[in-house]
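> Provided below are the primary sequence and the corresponding predicted coordinates.
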Amino acid sequence: MDVLEAIKGRRSIRAYKSDDVSPEIVEKLVDAATWAPSAGNIQPWEFIIVRKLEIKRKLAEAALNQTSIEEAPVVIVVCANENRSSMRYGVRGKTLYCLQDTAAAIQNIHLTAYSLGLGTCWVGAFREEEASKILKVPEGARPVAIIPIGYAAEAPSPRNRRPLNQIVHYETF
């Protein structure tokens, strides 16, 4: 699949078939994530794979009752290891670089999943402290995204995009 095809074809999926996603496919998704660029090649990402219904249900509640999280066969929670980034880059590493790096890894998961025939959704609306407790995320790391993954039971239409002439600036803003 062409990269632009994946970028333009991927949609946020919130309804999943009950078909399982194999551990091999999940491993491919995480492997793709690790090839994302990161500041100083620090690679500050951590991945929590969740398959247990009771944990997915608690995450769905922490995510403001987004039930698609518990309905998906597998969920990957991507965490940013702030300590890892701050060792080299201080406050900027902790507050910015680890988030940028993790976001790039998250995008790789979405695009790879789409190329493999899977649906995903980037869930960023969740109570972070609650999700951290559920997943036992240690101090110095933080969950950035909850990604439900499965075979899509819906086919959303593309959403509108702002035209380039409204968002591109040359030389200065």
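Good, I have the coordinates.

> Identify, by residue count, the longest strand of the protein.
Counting residues, the longest strand in the chain under DSSP state E turns out to be strand 141-150.

> And the next helix or strand past that one?
Toward the C-terminal end, the helix or strand that comes next after strand 141-150 (DSSP states H and E) is helix 164-167.

> Now do that following helix: distance to the chain's middle.
Computed by CA atoms, centre = their mean, to the nearest Å, the chain-centroid distance of helix 164-167 equals 27 Å.

> again, but for stretch 88-105
Distance, stretch centre to chain centre, for stretch 88-105: 15 Å (CA atoms, centre = their mean).

> and what of stretch 100-114?
Remark: stretch 100-114 is offset 6 Å from the chain centroid, using CA atoms, centre = their mean.

> Flag every buried residue along that stretch.
Buried residues in stretch 100-114, defined by neighbour count with 16 or more other CB atoms under 10 Å: 100-103, 105-114. Every residue, glycine included, has its C-beta placed from N, CA and C.

> Ok, stretch 37-44 next?
38-39, 42-44.

> Need the max-distance pair from these.
Using CB to CB, the buried residues of stretch 37-44 span at most 9.6 Å, a distance reached by Ala39 and Gln43.

> Mind listing the shared neighbours of these two?
Overlap of the contact sets of Ala39 and Gln43 (by CB atoms under 8 Å, 6 or more residues apart in numbering) consists of Asp101.
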